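Visitor: Need coordinates for the following:
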Amino acid sequence: MGTARTAQNQRHYARHRTAVRARQQARRARPVAYVCGPMTNYPALNHPAFFEAENLLVAQGFRVINPARHDREIGLVPDSTVTDTSEEFYTTVLRWDIGKLLSEVDTVYVLPGWQRSRGCRAELAVARIIGLEVLYERR
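Guide: Okay, here's the model as predicted:
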């Protein structure tokens, strides 16, 4: 029983290592940046700043994960009144953000005002713990 389990675990970890290497090679070709910035209590949820940062990063050769783009994909548009400010909604969005940081990102690009955003502070804590590069936008 133990030998079969060990062999199964070894095969699993070998597949995992292969997948990790493939992701690392893809990143070397085009690194992935995540835009981190405050949204709550900003006009238009600060989406214009997120899209401006995305354009800058794409021009520098990054593939970009933009939470503002994700907001629009799930129907949260900045022109509408955001009515769901519950902890459940916040937790759902933050889980998506942190999941992206853990699985896809090489660099975090931080917008001004991050200090007043608990989501940004959480994202930056994760980024630092797992050793991601962090770049701060200067305005």
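Visitor: Which secondary structure state is assigned to residue 61?
Guide: Assigned by DSSP: H, G, I helix; E, B strand; the rest coil, the conformation of residue 61 is coil.
Visitor: Could you verify my assumption that it touches residue 32?
Guide: No: here residue 61 lies out of contact with residue 32, judged by Cβ atoms under 8 Å, at a distance of 10.9 Å. Where you see a C-beta, it was placed from the backbone N, CA and C, and this is true even at glycine.
Visitor: So between those two, which is more surrounded?
Guide: The residue with more neighbours, out of residue 61 and residue 32 and counting by other Cβ atoms under 10 Å, is residue 32; that gives 19 against 10.
Visitor: gap between that one and residue 52?
Guide: Here the distance between residue 32 and residue 52 works out to 18 Å (Cβ to Cβ, to the nearest Å).
Visitor: What's the separation between residue 49 and residue 6?
Guide: The span separating residue 49 from residue 6 equals 51 Å under the rule Cβ to Cβ.
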